[in-house]
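[1] Next one to model:
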Amino acid sequence: MDLQQILSRQGRRLLQLGVVLFLFTSFEGFVIPALASPHLGRSVHTLSGFTGVLFLATGLMWPTLKLGTTATRIAFWFLIYSALATIAGFIVAALWGAGGSIMPIAAQGARGSAFQEAMIQIVMYPAAPTGIVAFTLILWGLRGKAGSAPV
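    All right, here's what the predicted structure looks like:
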């Protein structure tokens, strides 16, 4: 499979994930009042909607990236991991009524057991560096003029 086909397929997958996140956000909104931490549930709702928009926008421009095959794959999977790990951390925190150690503003005082807080941190901490790598590669891939060769 050539690079342009890979970029096109990955862009389509990002569009699909964006729509899936919109569906998730639509249904998740109904359960917010039943969560252990409704404030975190609202954060999940907002974050999922934002991430859906991010995936749609990124998916539309993805085929224009000027990256090699390896850099493209790293950017794609790191972006997805970073976004979904962050959402997963918020979901777990909302279900447990925890998360005050890593997201004190969103948790608004909700604090779980040491185990719960550690599990949320294990899920969420790797999301930051992978997101930074993904966005750095994406920015690098947007350099130059349209039609120039990938590096």
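
[2] How about the secondary structure of the residue nearest the centre of the chain?
    Residue closest to the mean C-alpha point of the chain, counted by CA atoms, centre = their mean, is Ala83 at 1.2 Å. The local conformation at Ala83, judged by DSSP: H, G, I helix; E, B strand; the rest coil, is helix.

[3] List the contacts of it.
    If a contact means CB atoms under 8 Å, 6 or more residues apart in numbering, then Ala83 has Thr51, Leu54, Phe55, Ala127, Gly131 as its contacts. Where you see a C-beta, it was placed from the backbone N, CA and C, and this is true even at glycine.

[4] among those residues, who's most crowded?
    Highest neighbour count within the contacts of Ala83, by other CB atoms under 10 Å: Phe55, with 24 neighbours.

[5] In what element of secondary structure is it found?
    helix 38-61 (DSSP states H and E).

[6] contacts for that helix?
    Helix 38-61 is contacted from outside by 11-15, 17-22, 24-25, 28-29, 31-33, 35, 79, 83, 86-87, 90-91, 93-94, 97, 99, 103, 106-108, 110, 138, 142, using CB under 8 Å, 6+ apart.

[7] Return the distance of that helix from the chain's centre.
    Centroid separation between helix 38-61 and its chain, computed with CA atoms, centre = their mean, to the nearest Å, is 8 Å.

[8] measure the residue nearest to the centre of the chain to Gly41 for me?
    18 Å (CB to CB, to the nearest Å).

[9] For the least confident helix or strand in the chain by mean pLDDT, which helices and strands make contact with it?
    Least confident helix or strand, the chain: helix 104-107 with a mean of 89, by mean pLDDT, DSSP states H and E. Of the remaining helices and strands, those touching helix 104-107 by 3 or more CB pairs under 8 Å, 6 or more residues apart in numbering; DSSP states H and E are helix 38-61, helix 69-96.

[10] I'm done for today, thanks for sticking with me.
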